[in-house]
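Visitor: sequence first, then the predicted structure, then my questions.
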Amino acid sequence: MTSKSTPPPLPEPLRVPVADSHTHLDMQEGTVEEALARAAAVGVTSVVQVGCDVKGSRWAAQTAADHAGVHAAVALHPNEAPRIVFGDPDGWSRQDAREAGGDGALDDALAEIDELAALPQVRAVGETGLDYFRTGPEGVAAQERSFRAHIEIAKRHGKALVIHDRDAHADVLRILAEEGAPERTIFHCYSGDAEMARVCAKAGYYLSFAGNVTFKNAQPLRDALMVAPRELVLVETDAPFLTPAPYRGRPNAPYLIPVTLRAMAAVKGLDEDTLAEAVAVNTAEAFDY
């Protein structure tokens, strides 16, 4: 029996190269060079490396500066905002305990994201948004303040906005409407239903689908993909998370994009090359590279 820690095999290469629109190379095993080489070997020729805190965003910007095939996104993850303000003495966030920094510490962190967002290799501000899965009511206000600040940063620098939306669909859409969404807005790891996909499409938001679109219980996601306009669809790994079936539970990495893309093509009734061509164009447009 294969161990859960064994990386899945390399899939059959794509004939039309695409990008992984959302990955976390800093959380994956091995070097950046190894990850990029494996991805390129199967037709995944560029990746968007996404920061979740100040340190990770600095790393994303530096990695994008060092590698032509890497573009950076910088932000404080929605769960990072309440961690900065209130601290995490009991480890609720499943990270190391930390002291409360208050609103001033959040302002300082946002100022650093703002500086990074000005860099040319930083193509997006994200992942930002709302996540009600682990955050109590007191944390929601910090998340919302952070989200609104990121929207403003993205617009001021002319960068794309990458949304993390977990159990918070209505509020995310409301805040985007209230603030005015940036010209290019991407719902990372899209998790809404077909109705929400129609709302997003009408607003011109990109929908990025991850490996969970292949999961048995994910019919609502496949329904959403079915109605999502071809010109607004992206593909991502969110690696090391959300490894596509049949490798669910094993380590994910950008080289597994072909598995998800082929499953998406089947759902949309398109041949693989047609969807890959659309996704490649969409990703370049969404991230303006």
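Guide: It's in.
Visitor: okay, now the spatially closest residue to Gly101 that is not a sequence neighbour: neighbour count?
Guide: Spatial nearest neighbour of Gly101, excluding adjacent residues (CB to CB, 6 or more residues apart in numbering): Ile84 at 5.2 Å. Glycine gets a C-beta too; all of them are placed from N, C-alpha and C. Ile84 has 25 neighbours, counted by other CB atoms under 10 Å.
Visitor: please apply the same query to Lys202.
Guide: Around Lys202 there are 9 residues (other CB under 10 Å).
Visitor: just to be sure, it is in a helix?
Guide: Yes: counting by DSSP: H, G, I helix; E, B strand; the rest coil, Lys202 is found in a helix.
Visitor: parallel or antiparallel, which strands does the strand ranked longest in the chain pair with?
Guide: Looking across the chain with DSSP state E, the single longest strand is strand 122-131. Applying DSSP bridges, strand 122-131 is found paired with strand 70-74 (parallel), strand 160-166 (parallel).
Visitor: tell me which of those strands is the most buried.
Guide: strand 70-74 (a mean of 29; mean count of other CB atoms under 10 Å).
Visitor: which stretches in the chain count as strands?
Guide: Listed in chain order, the strands of the chain (DSSP E) span residues 18-23, 44-50, 70-74, 122-131, 160-166, 185-187, 206-209, 233-235.
Visitor: could the ones you listed be laid out in JSON lines, adding mean pLDDT?
Guide: Output for the strands of the chain, formatted as JSON lines (pLDDT from 0 to 100):
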{"stretch": "strand 18-23", "mean pLDDT": "98"}
{"stretch": "strand 44-50", "mean pLDDT": "98"}
{"stretch": "strand 70-74", "mean pLDDT": "98"}
{"stretch": "strand 122-131", "mean pLDDT": "98"}
{"stretch": "strand 160-166", "mean pLDDT": "98"}
{"stretch": "strand 185-187", "mean pLDDT": "98"}
{"stretch": "strand 206-209", "mean pLDDT": "98"}
{"stretch": "strand 233-235", "mean pLDDT": "98"}
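Visitor: re earlier: isn't the residue nearest to Gly101 right next to Asp103, touching?
Guide: No: assessed by CB atoms under 8 Å, Ile84 is found out of contact with Asp103, at 9.1 Å.
Visitor: need the phi and psi values for Thr31.
Guide: phi -90, psi 160 (degrees, to the nearest 10).
Visitor: related to what we said a few turns ago, gap between the residue nearest to Gly101 and Ala72?
Guide: When distance is defined by CB to CB, to the nearest Å, Ile84 is 21 Å away from Ala72.
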